[in-house]
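> Model the structure of this input:
(one chain, ligands or ions: 1)
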Amino acid sequence: MNELTKTYTMHNGLKIPKIGFGTWQIKPGDDAYQSVAKALKVGYRHIDTAQNYGNEAAVGQAIKDAKLKREDVFVTSKLESFIKNYDDTIEAFEGTLNRLGLDYLDLYLIHAPWPWDDMGKNCDAGNVAAFKAMEKLYKEGKVKAIGVSNFSVNDLKNILEHCDTVPHVNQIAYFIGLDNDEVHDFCDKHNILIESYSPLAIGHALDQPVIKDMAKKYQKTPAQICIRYLLELGTVPLPKSTHETRMKENADVDFTISEDDMRILKAFKHDPRQF
Ligand code: A2P
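Residues are numbered from 1 along each chain as shown. Here you go, the predicted model:
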């Protein structure tokens, strides 16, 4: 069994492939179509998209054309960050399903606790309303698991306090250098699986000396160290690439990082991303 077919089990019993293929910043249209088609050919069975990425139609077409059994591909999408009420959540979900050409989703997430253009705004009531709509979709079987993304401990507490379902997933930016201990500990305590987006810090982690040194030591590439690190932490890395060779490289991570080396990597604190 390679790393692409290994799974975690969420707190509702649903299995999720340990490594997903991220599609953020992959252009809609042919780029997204070709990338997802290649990823499925390489063996990825977990594809992560979002309404906000604008590429759901191309992603869905690539999944359809791969002619895999529906139950063999795990598909995630996300609710637009500015949608913070019940009815619009149901409507947005139907739009996502239509664009993807699917009749159910494996995982549906609230993309962020606030609209991207108003980060930090308190949307507690709106997040509860959106999550309650997701609970309805979950109960109806239109989605197999529901969760959140970019949620802090306080954002998660708000959902736990006012909704019936403990989110199955919290998808956050996570890579060597970015400290997520507080939210990670909270999620572990509540059996919320963490998915790690930008596992390579959007590519900027790859030339960090501490990561390069570790890659030399293990005779792996910096990208493989980044992805293995997130697996050692029990999270789901979502690497993305438009190149087939890199897709293979990012999945070829069947090795172990020692506890001592994990400590060294965890102690490194630096976010090299540039926005
Ligand atoms: P490309 O799509 O040209 O391969 P993240 O997953 O953290 O968002 O990082 C994605 C970025 O890292 C993209 O720019 C991608 O470029 C690049 N990338 C992905 N995999 C690798 C790899 N194995 N080696 C070098 N760069 C990579």
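> Helices of the stretch 1-150 of the chain, start to end?
For the stretch 1-150 of the chain, the helices defined by DSSP state H, counting those that start in this stretch cover 30-42, 56-65, 86-100, 124-139.
> what angle separates the longest one from helix 86-100?
Okay, so that is helix 124-139. Relative orientation of helix 124-139 versus helix 86-100 (axes from the mean of the first three to the mean of the last three Cα atoms, to 10 degrees): 50 degrees.
> Return the list of helices and strands in contact with helix 124-139.
Applying 3 or more Cβ pairs under 8 Å, 6 or more residues apart in numbering; DSSP states H and E, one finds that helix 124-139 makes contact with helix 86-100, strand 105-110, strand 143-149, helix 153-162. Just so you know, the C-beta spots here come from the backbone N, C-alpha and C atoms, and that holds for glycine as well.
> quick one: buried residues of it?
124, 126-134, 137-138 (16 or more other Cβ atoms under 10 Å).
> one step back: out of the helices and strands packed on helix 124-139, nearest to Leu193?
When the helices and strands packed on helix 124-139 are compared by Cβ to Cβ, strand 143-149 sits nearest Leu193, at 8.0 Å.
> Could I have the CA atoms of that closest one written out in CSV?
Extracted in CSV, the C-alpha atoms of strand 143-149 (Å, rounded to 0.1, in the frame of the first residue of the first chain):
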residue,chain,number,x,y,z
VAL,A,143,-22.1,15.1,2.2
LYS,A,144,-20.3,12.4,4.1
ALA,A,145,-18.4,14.7,6.5
ILE,A,146,-18.5,18.4,7.4
GLY,A,147,-16.0,20.7,8.8
VAL,A,148,-14.3,24.1,8.9
SER,A,149,-11.2,25.8,7.6
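> Give me the contact list for that strand.
Contacts to strand 143-149, defined as Cβ atoms under 8 Å, 6 or more residues apart in numbering, come from residues 10, 12, 14, 16, 78, 93, 104-113, 127, 131, 134-135, 137-138, 155-156, 159, 165, 167-172, 192-193, 195, 197.
> for the record, mean pLDDT for it?
Throughout strand 143-149, pLDDT has a mean value of 98.
> Pull the distance from it to the chain's centre.
Offset of strand 143-149 from its chain centre (Cα atoms, centre = their mean, to the nearest Å): 11 Å.
> Next, the angle from it to helix 124-139.
160 degrees.
> Strand 143-149 vs strand 105-110, what angle?
Computed by the same axes, to 10 degrees, the angle separating strand 143-149 from strand 105-110 equals 30 degrees.
> In space, what's closest to His162 - neighbours in sequence excluded?
Spatial nearest neighbour of His162, excluding adjacent residues (Cβ to Cβ, 6 or more residues apart in numbering): Val128 at 4.5 Å.
> Leu160 is in contact with that neighbour, correct?
No: between Val128 and Leu160 there is no contact, the gap being 10.5 Å when judged by Cβ atoms under 8 Å.
> Looking at the stretch 1-150 of the chain, which residue is nearest the ligand?
Gly22 (5.6 Å; Cβ to the nearest ligand atom).
> So which residues on the stretch 1-150 of the chain come close to the ligand?
Contacts of the stretch 1-150 of the chain with the ligand, taken as Cβ under 6 Å from any ligand atom, map to Gly22.
> low pLDDT regions in the stretch 1-150 of the chain?
1 (pLDDT under 70).
> got a list of what the residue of the stretch 51-200 of the chain found nearest the ligand touches?
Closest contact between the stretch 51-200 of the chain and the ligand, by Cβ to the nearest ligand atom, is at Leu200 (3.4 Å). Residues in contact with Leu200 (Cβ under 8 Å, 6+ apart) are 175, 206, 223, 226-227, 239.
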